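Enquirer: Build the 3D model from these lines:
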Amino acid sequence: MNSAGRGFTQRVEPKLALIELEMPQEAFTEEWQPTPDSHMGISQFHHLFTINDAQSRNVMPFFFHVRVGVLRISFLSEPLLIAVIRAPGLDPLKIPLGAKRATVDDVSVWEWSGSAYDEGDEAAEWFSSCFGKPTRLVRFNEASEIRETNPDYAQGYKVLFADAFPFLLASQGSVDALNSILKEPVPMNRFRPNIIVEGCHPYSEDLWKTIKIDKLTFLGVKLCDRCKVPTINQDNGIPGEEPTEALQALRSDEVLRPSHKNKRRVYFGQNLVCKESLSAKDEGRIIKVGDPVYVLESFPSSDEVPA
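Expert: Alright, predicted model coming up:
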């Protein structure tokens, strides 16, 4: 968080580059299930934690923040799942993900404000050294807090510390098509999806209204409008002009949504919610690498897709 009480990300601090995640091998098996002690699913770890300014308590979504270089996270399968966080010039920091922690109030991200678990002084000192200012690591308090998605797009769904929605889908075909017109190609990590699809036509995910992955149904609720983050090299934190300039020519409001008000935005990827997340049942919500994707319902055109 900044001193004014608002979170900041690579939009204002480009050198806060990608956090890399390495999951324990068992997390990729069909039998593995998140537990109350593990506090995570494959796509949700970076939505569970944030880094916040110690004075203002406004969060910086954890998956956006790192000093120059790469902040790396791996996991150890001990009695509790352990996150191991690394950054240049600092000793590794170990965070037991299921440990009981004290709560801190008035943590906020965008329009939401509530309590979160404070991961302690050791983590605070480590991140303060990393960023050069008072900083604390906090974890979303799922036991007592609810952050709802924007009801204009997804009524009744929840999100943790992600930007706006729990899932972002993009296709490799879309990245390949974009790279075909760029002087220097960009990798998928510029767009930060947590679901990547291969084998479809470029930008076909724009029109996916309902899809099925394994036994789960996902709803496409909003085209993902892009800020400056895709221009930032996720290996070194250095920003550039592309791919935003190319997207302005190919993926703007004027191009994709000509009958709507021009919001001066560009779009890449589709925000999703999982229909089954409305159920109280926690087991069986698993998708894995290699699962086929079935498109059950499509929007007639990009002009009719919410954005």
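Enquirer: The nearest residue to Thr244 once chain neighbours are set aside and Glu205: what is the separation?
Expert: Distance criterion C-beta to C-beta, 6 or more residues apart in numbering; nearest residue to Thr244, sequence neighbours excluded, is Thr231 at 5.3 Å. The way it works is simple: take the backbone N, C-alpha and C, and place the C-beta from them, glycine included. Thr231 sits 21 Å away from Glu205, going by C-beta to C-beta, to the nearest Å.
Enquirer: Tell me which of the two has more neighbours.
Expert: In terms of neighbours (other C-beta atoms under 10 Å), Glu205 is the more surrounded of Thr231 and Glu205; the figures are 26 against 20.
Enquirer: Would you verify that the more buried one is located in a helix?
Expert: Yes: under DSSP: H, G, I helix; E, B strand; the rest coil, Glu205 falls within a helix.
Enquirer: since we're on His260, how many residues are nearby?
Expert: 12.
Enquirer: Would you agree it is in contact with Glu304?
Expert: No: under the criterion of C-beta atoms under 8 Å, His260 makes no contact with Glu304, lying 9.6 Å away.
Enquirer: Tell me which residue lies farthest from the centre of the chain.
Expert: When each C-alpha in the chain is compared with the mean C-alpha position (C-alpha atoms, centre = their mean), Ser259 comes out farthest, at 29.9 Å.
Enquirer: Which of the helices or strands spans that residue?
Expert: Ser259 belongs to no helix or strand when assigned by DSSP states H and E.
Enquirer: where does the residue lying closest to it once chain neighbours are set aside fall, helix, sheet strand or coil?
Expert: Sequence neighbours aside, Asp303 is the residue nearest to Ser259 in space, at 5.5 Å (criterion: C-beta to C-beta, 6+ apart). Here Asp303 is recorded as helix under three-state DSSP.
Enquirer: Asp303 and Pro258 touch, don't they?
Expert: Yes: the pair Asp303 and Pro258 qualifies as a contact (C-beta under 8 Å) at a distance of 6.3 Å.
Enquirer: Which strand runs longest in the chain?
Expert: strand 216-225 (DSSP state E).
Enquirer: what about the helix or strand just after that strand, distance to the chain center?
Expert: Next along the chain after strand 216-225, taking DSSP H and E as the criterion, comes helix 244-250. Remark: helix 244-250 is offset 22 Å from the chain centroid, using C-alpha atoms, centre = their mean, to the nearest Å.
Enquirer: swap in stretch 216-232?
Expert: Per C-alpha atoms, centre = their mean, the displacement of stretch 216-232 from the mean C-alpha position of its chain is 9 Å.
Enquirer: The spatially most central residue of the chain is in what secondary structure piece?
Expert: Nearest residue to the geometric centre of the chain (C-alpha atoms, centre = their mean): Ala162, 5.1 Å. Counting by DSSP H and E, there is no helix or strand that carries Ala162.
Enquirer: confidence score at it?
Expert: Model confidence at Ala162, expressed as pLDDT, equals 83.
Enquirer: now swap in Lys222 and tell me
Expert: Looking at Lys222, its pLDDT stands at 98.
Enquirer: Can you name the residues that contact it?
Expert: Asn150, Tyr153, Ala154, Ala164, Phe165, Gln270, Asn271, Val305, Pro306, Ala307 (C-beta atoms under 8 Å, 6 or more residues apart in numbering).
Enquirer: Generate the PyMOL command that creates a selection of the buried members of those.
Expert: With 16 or more other C-beta atoms under 10 Å as the burial test, the buried ones among those are selected in PyMOL as follows:
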select buried, resi 150+153+154+164+165+270+271+305+307
